[in-house]
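# sequence-free structure coming up:
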């Protein structure tokens, strides 16, 4: 069934469920029966009424699909050191913001990838006011300005972004890395528009504009932290190579896109696991984003076309899915920019000044604490100091005092490059003071990976003594 509408939903609550509503300046336009099926129009009008009466719970600012009405950020984010593809590089038209554009995707069962793809496009000025067309009919898709997840064509010049073709094997390439996961429609939109989408979200969050170097790092990190998983699930790629694809993985041939062609398996081409994985899942998880988006399609025995459907029918449900996926994507972008990126700077600075902290150069000091493990290994490689840091010392702002933590050989490892001395492990307080000859000791974990002292002087004494024992 054909669905075409213009949309700029926001969120209100209905019980424990977040709903997209078509309130504000678009509500009367969207409720027009000439633009929406009767059930969708009725639901839109009802939701708009709810939206005027109810607000978000305290402390929960709902995400918005309103988009960023600003010049494209390609000029700010791209440089010869930052060759990420942007809307401009992919043939985007900045002047298109003044035209009425159409974003098209397939109708029927929707998935997380196209829901996220539409959200990302809506954050761009040229698509902020675009209408949405949900269809599989080629003659209608041909009228759209941009098509995602349907059409059996990947052609950036004409803005066609489908991934279901048998010959499609495209992955993301960032400076210094070629990713191994085949892209879905979300990954394709991210590949070509992600830099501008990130810049729009950063600006909307009131954060400073990113330098070219930081933009490149954030672009790769957001893909690693969020988009790659969406790509993998949609393409049926299991997280662990030796494990079968969980039942919640989508079958690429089952209503996955416009052409209905089964995607070739990527398991054979996947890199070997870095460690052994269980052959059989010990539990099933249905709480992931793709599963939650999938539930918005409705139950098999539920009439989602009914006028009483609270989410506004199939198209309203798709918009709810887009808001859900997009809200979590935007939160990830903000977290990477506001937390991960500053920590990266702090770790690099601590590594550069390690000789001032301790003459051995093998101890890093953080005051206050910063999440160092995500950055230390890359910082060591960049500084030509791989494997040199043995201990990290930081102030514990939550309970007071100081901690000494042994550095693992890899970010995922539970082992340590050099554990705290065997004789100290599992000992506490006065007994540990006596054993070490250091005042203020609090504990050393039984495994030797972490310990504590009441003072900075005490914890540094523990580090210095541990280095030679």
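Ah, there it is. Treat the numbers as computed from the prediction; the structure is a model and nothing was measured.

# nearest residue to the middle of this structure?
Central residue of the chain (Cα atoms, centre = their mean): residue 226, 2.6 Å from the mean position.

# what's the pLDDT at it?
Residue 226 carries a pLDDT value of 98.

# quick one: it and residue 327 touch, right?
No: assessed by Cβ atoms under 8 Å, residue 226 is found out of contact with residue 327, at 11.7 Å. For the C-beta atoms, the positions are set from N, CA and C on the backbone; glycine is no exception.

# quick one on the thing from earlier: who touches the residue nearest to the centre of the chain in this structure?
Contacts here follow Cβ atoms under 8 Å, 6 or more residues apart in numbering; on that basis residue 226 touches 328, 329, 332.

# please tell me how far it sits from residue 325.
Distance check for residue 226 against residue 325: by Cβ to Cβ, to the nearest Å, it reads 10 Å.

# cool, residue 370 as well?
30 Å.

# ok, the residue nearest to the centre of the chain to residue 283 distance?
23 Å.

# repeat for residue 197
34 Å.

# which of these two has more neighbours?
Set residue 197 next to residue 283 and count neighbours by other Cβ atoms under 10 Å: residue 197 wins out with 28 against 4.

# immediately after the host helix or strand of residue 117, which helix or strand?
Assigned by DSSP states H and E, residue 117 falls within helix 112-122. Proceeding N to C from helix 112-122, the next assigned helix or strand is strand 131-134, under DSSP H and E.

# okay, now the sheet partners of that next one, with direction.
strand 3-6 (antiparallel), strand 102-105 (parallel) (DSSP bridges).

# what average pLDDT does the helix or strand just after it get?
Under the assignment DSSP H and E, the closest C-terminal helix or strand after strand 131-134 is helix 138-141. Taken as a whole, helix 138-141 carries a mean pLDDT of 98.

# list the residues that contact residue 361.
Counting by Cβ under 8 Å, 6+ apart, residue 361 has contacts 354, 355, 388.

# which ones are touching the first one?
With contact set as Cβ under 8 Å, 6+ apart, residue 354 has these partners: 361, 362, 363, 364, 389.

# go through the residues you listed and name the one nearest residue 240.
residue 389 (29.8 Å; Cβ to Cβ).

# tally up the residues packed near that closest one, please.
The burial count for residue 389: 23, using other Cβ under 10 Å.

# which helix or which strand is home to it?
Using DSSP H and E, residue 389 sits within no helix or strand.

# wait, doesn't it sit right on residue 407?
Yes: shown here, residue 389 and residue 407 form a contact pair, counting by Cβ under 8 Å, at 5.3 Å.

# now list whatever residues contact both of those two.
With Cβ under 8 Å, 6+ apart as the test, residue 389 and residue 407 both reach 376, 417.

# and of the contacts of residue 226, the nearest to residue 207?
residue 332 (13.7 Å).

# what's the pLDDT at the closest one?
98.

# which SS state does it fall under?
Look at residue 332: counting by DSSP: H, G, I helix; E, B strand; the rest coil, its state is helix.

# residue 221 contacts residue 337, correct?
No: shown here, residue 221 and residue 337 do not form a contact pair, counting by Cβ under 8 Å, at 9.3 Å.

# between the two, which is the more surrounded one?
residue 337 (23 against 20).

# wait, doesn't that one sit right on residue 202?
Yes: using Cβ under 8 Å, residue 337 is in contact with residue 202, at 5.6 Å.

# which residues do the two both contact?
What both residue 337 and residue 202 touch, as defined by Cβ under 8 Å, 6+ apart, is the set residue 210.

# ok so, going back, which of the contacts of residue 226 has the most neighbours?
The residue in these with the most neighbours, by other Cβ under 10 Å, is residue 329 (26 neighbours).

# quick one: pLDDT of the nearest residue to residue 422 once chain neighbours are set aside?
Closest residue to residue 422 apart from its sequence neighbours, by Cβ to Cβ, 6 or more residues apart in numbering: residue 448 at 7.0 Å. We note a pLDDT of 97 for residue 448 in this prediction.

# phi, psi of residue 448?
Main-chain torsions, residue 448, degrees, to the nearest 10: phi 80, psi 10.

# separation between it and residue 192?
49 Å.

# same thing with residue 369?
With Cβ to Cβ as the criterion, residue 369 and residue 192 are 38 Å apart.

# check what pLDDT residue 384 gets.
95.

# residues contacting it?
Residue 384 neighbours (Cβ under 8 Å, 6+ apart): none.

# now it: how far from residue 220?
For residue 384, the distance to residue 220 - Cβ to Cβ - is 21 Å.

# any weak-confidence spans in the protein?
Along the chain, the parts satisfying pLDDT under 70 run over 1-99, 242-279.

# what do you get if the cut-off is 90, keeping everything else the same?
1-100, 238-286, 305-308, 310, 367-368, 397-399, 412 (pLDDT under 90).

# any idea how it splits into domains?
Domain assignment for the chain, taken from automatic domain parsing, gives 3-340, 353-468.

# okay, those domains in CSV with distance to residue 347 next?
Below are the domains of the chain laid out as CSV (distance: least, Cβ to Cβ, whole Å):
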stretch, distance to residue 347
domain 3-340, 11
domain 353-468, 4
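
# among those, which is the most enclosed?
Burial of the domains of the chain is given as mean neighbour count (mean count of other Cβ atoms under 10 Å); domain 3-340 ranks first at a mean of 19.

# now residue 292: closest residue in space that isn't a chain neighbour?
residue 324 (6.5 Å).

# doesn't residue 296 make contact with the one you found?
Yes: at 7.1 Å, residue 324 and residue 296 qualify as touching, with contact defined as Cβ under 8 Å.

# mind checking which helix or strand residue 419 is in?
Here residue 419 is assigned to no helix or strand, by DSSP H and E.

# OK, contacts around it?
So residue 419 contacts 406, 425, 447, 448, 449 (Cβ under 8 Å, 6+ apart).

# ok, so what distance separates it from residue 396?
For residue 419, the distance to residue 396 - Cβ to Cβ - is 20 Å.

# for residue 216, same thing?
Distance from residue 216 to residue 396, by Cβ to Cβ: 33 Å.

# equivalent analysis for residue 237, please.
Distance from residue 237 to residue 396, by Cβ to Cβ: 40 Å.

# okay, residue 177 and residue 219: tell me how far apart.
Where residue 219 is concerned, residue 177 sits at a distance of 11 Å (Cβ to Cβ).

# and if you look at residue 192?
Taking Cβ to Cβ, one finds residue 192 at 12 Å from residue 219.

# equivalent analysis for residue 173, please.
Residue 173 is 11 Å from residue 219, by Cβ to Cβ.

# go on, residue 329?
From residue 329 to residue 219 the distance is 13 Å (Cβ to Cβ).
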